[in-house]
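A.B. asks: got a sequence here, can you build the structure:
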Amino acid sequence: MRDDPGSPTVGREARHTLQGRRHVVDVVTTVVLLVLSAVESVAAAGGIVFLSMAFHSCSAPGNACDVGLGGAVVYAGPVVVALVFVTVTVACVLRLVRRRWAWPVALVGIAAQVVVFSGALLLVDSAVQHGV
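C.D. replies: Numbering: from 1, shown residues only. Below is the predicted model:
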């Protein structure tokens, strides 16, 4: 079966060989982007927790707050940030193992963190109504 040139091989022989520096550049770029994503995740989760300070103005006369919505965002936001980071990291590792480009996935993960933080910011902002 191995002598037949048309038959697929199995095991280590079936792996694709590295073609130039493409794989090394992809690994380095992906690792750098994942480290930046980890830093961004910590900053986004902390920023979402700090959004709870917007509710300190709820006791002022004329202000109205939806504490249920704000509390849900403040507690669920960091969890969503962590889930996005873990999902992107696992996807990048799987793509690197399969020797496929992984840096675009890490870049999409960074953009997704920005979207999650922006969504949390908009939801908390809509939950706090400042009176005139």
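A.B. asks: CA atoms for contacts and neighbours, from now on please.
C.D. replies: Fine.
A.B. asks: would you state the strands of the protein in chain order?
C.D. replies: 64-65, 128-129 (DSSP state E).
A.B. asks: for residue 29, see how far away residue 97 is.
C.D. replies: Residue 97 sits 15 Å away from residue 29, going by Cα to Cα, to the nearest Å.
A.B. asks: likewise for residue 89?
C.D. replies: Note on residue 89: its distance to residue 29, by Cα to Cα, is 13 Å.
A.B. asks: neighbour count winner among the two?
C.D. replies: Neighbours around residue 89 and residue 29, counted as other Cα atoms under 10 Å, are more numerous at residue 89. The numbers are 22 against 17.
A.B. asks: and the residue nearest to the more buried one when sequence neighbours are not counted, how close does it get to residue 70?
C.D. replies: Spatial nearest neighbour of residue 89, excluding adjacent residues (Cα to Cα, 6 or more residues apart in numbering): residue 34 at 7.0 Å. As judged by Cα to Cα, residue 34 and residue 70 stand 29 Å apart.
A.B. asks: okay but residue 29 is in contact with residue 104, surely?
C.D. replies: No: contact status for residue 29 versus residue 104: not in contact, 9.6 Å apart, counting by Cα atoms under 8 Å.
A.B. asks: which residues of this structure score low on pLDDT?
C.D. replies: Low-confidence segments of the chain, defined by pLDDT under 70: 1-21, 131-132.
A.B. asks: how about the helices in it?
C.D. replies: For the chain, the helices defined by DSSP state H occupy 22-50, 67-97, 103-127.
A.B. asks: between the last one and helix 67-97, how many degrees?
C.D. replies: Helix 103-127 and helix 67-97 are oriented at 180 degrees to each other (axes from the mean of the first three to the mean of the last three Cα atoms, to 10 degrees).
A.B. asks: report the buried residues of helix 103-127.
C.D. replies: Within helix 103-127, the residues scored as buried using 16 or more other Cα atoms under 10 Å are 103, 105-107, 109-110, 112-114, 116-117, 120-121, 123-125, 127.
A.B. asks: what of stretch 48-65?
C.D. replies: 48, 49, 51, 52, 55, 58, 64, 65.
A.B. asks: name the nearest of the residues you listed relative to residue 85.
C.D. replies: The shortest approach to residue 85 among those belongs to residue 48, at 15.2 Å (Cα to Cα).
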